[in-house]
Structures are given as structure tokens and as C-alpha cells.
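J.: build me a structure from this.
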Amino acid sequence: MGAPNDSIAFERLVRPHLDRLHRLAWRLAGSKAEAEDLFQELLIRAYQKLDDLVEIEEPGSWLSRVMYNLFIDERRRFARRRVHLVEEGQLAGEGLQGLAGSDSPVADSERLEQIRHLDAALAQLSDDHRIVVLLHDTEGYKLAEIEELTGIPVGTVKSRLHRARARLREILVADGTIS
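T.: Numbering: from 1, shown residues only. Coordinates of the predicted model:
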């Protein structure tokens with residue numbers, strides 16, 4: 001990669017989607033700096049996958065999905081780092097109370113354990129199901145917004161959300177997190 005023809009092909013495939021992708025990055029990230037980082041990471045990943053991108057019928061949808069995955073992966077990494085730092089006692093004066101906001105260290109510890117179980121359960125879902133659950137239940141997007149962001153019809157979003165929640169419930173019951 002890196003040849004002049006690669007740059008031309010990349011621009012031809014990506015340019016029609018740049019405005020939409022930049023707006024999406026802003027909506028996902030919520031701040032200009034984070035949106036620019038997300039957008040830049042998407043372009044880097046897309047260029048690295050140029051051979052695959054050339055073969056895709058709907059590059060806009062593919063690029064959007066890659067962006068969602070990058071966003072979700074970064075949020076998960078951030079959440080894991082934050083939990084790890086709190087566990088190591090590196091947030092001076094706050095301890096577990098700063099994260100969970102409870103008056104009881106025992107309750108905070110239990111909450112962190114529940115978060116770990118939920119994260120592990122989410123990791124067991126398919127990408128399609130995990131994205132819908134995270135966008136709807138974690139990020140607060142409405143069904144119509146998810147349809148707009150992903151290009152997945154609302155009926156399919158509802159179906160995936162229902163199946164994903166049922167699977168999460170099965171996983172959490174099986175590991176004893178919920179009864």
C-alpha cells in the first residue's frame with residue numbers, strides 16, 4: 001500500500017462519506033478533541049484495510065460500523081483502566097466511593113464486581129448484539145437513532161436488542177450474578 005493509486009482509490013471511496021462520518025464522530029464522542037481522534041483513527045484503519053474497502057458495496061455503512069467499534073472499544077478500555085486504577089488505590093482520597101458513590105465500601109465492591117460480570121457477559125455477545133445493547137442501554141440512543149447511525153432497520157434493532165438482553169440474562173444467571 002502507499003502507492004499513488006491507493007491514495008486515489010481511498011479518496012474516491014471515502015470522500016463522499018466524510019461529512020457524515022465527522023458528524024457521527026462528534027455525536028458519539030461528545031467533544032471536538034475526542035471526535036477528531038476517533039475520526040482520525042477511523043481513517044487510519046480504513047486506509048490499512050483499503051483492499052477490503054474496495055470490495056465492499058456500501059463503504060459508508062462499513063466505515064460507520066468501524067467507527068462504532070472504535071468508539072465502543074475505546075470506552076471499554078477507558079472503563080477498564082479507570083476500574084483498575086481505583087482498585088490499585090491510585091485516586092487519592094476517593095477510593096471506591098469516588099467511583100460508585102455509595103456510603104459503603106462493601107456496596108461499592110459488590111457494584112464493581114457486578115460491572116466486571118456484566119463486562120464479561122457483554123464480551124460473549126456477538127458484535128451485532130453488543131453494539132445494539134451498548135448504543136441503546138449504555139449510551140442512551142433511541143431505536144430510531146440507532147437505525148440512523150447504523151443503517152439497521154428499527155425492527156432488526158428491536159430484535160437484536162431483545163435477543164441480546166435475553167442472552168445477557170442467561171449468561172448472568174449462569175454465573176450467579178443475578179437470580
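J.: okay, CA-based contacts and neighbour counts for the rest of this
T.: Noted.
J.: burial count for N5?
T.: For N5, the count of nearby residues is 10 (other CA atoms under 10 Å).
J.: state the distance from it to I178.
T.: Computed with CA to CA, to the nearest Å, the distance linking N5 and I178 is 55 Å.
J.: can you check Q124 too?
T.: Distance, Q124 to I178, by CA to CA: 17 Å.
J.: what segments of the chain are helices?
T.: Here the chain has its helices, by DSSP state H, at 4-14, 18-29, 32-48, 50-55, 59-87, 97-100, 105-123, 127-133, 143-150, 154-174.
J.: deepest-packed of these, please.
T.: Highest mean neighbour count among the helices of the chain (mean count of other CA atoms under 10 Å): helix 127-133, with a mean of 20.
J.: CA atoms only: put that one into PDB for me.
T.: Extracted in PDB, the C-alpha atoms of helix 127-133 (Å, rounded to 0.1, in the frame of the first residue of the first chain):
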ATOM      1  CA  ASP A 127     -20.600  -7.800  17.700                       C
ATOM      2  CA  ASP A 128     -24.100  -7.100  16.300                       C
ATOM      3  CA  HIS A 129     -25.800  -7.700  19.600                       C
ATOM      4  CA  ARG A 130     -23.200  -6.000  21.700                       C
ATOM      5  CA  ILE A 131     -23.300  -2.800  19.600                       C
ATOM      6  CA  VAL A 132     -27.000  -2.500  19.800                       C
ATOM      7  CA  VAL A 133     -27.100  -3.100  23.600                       C
END
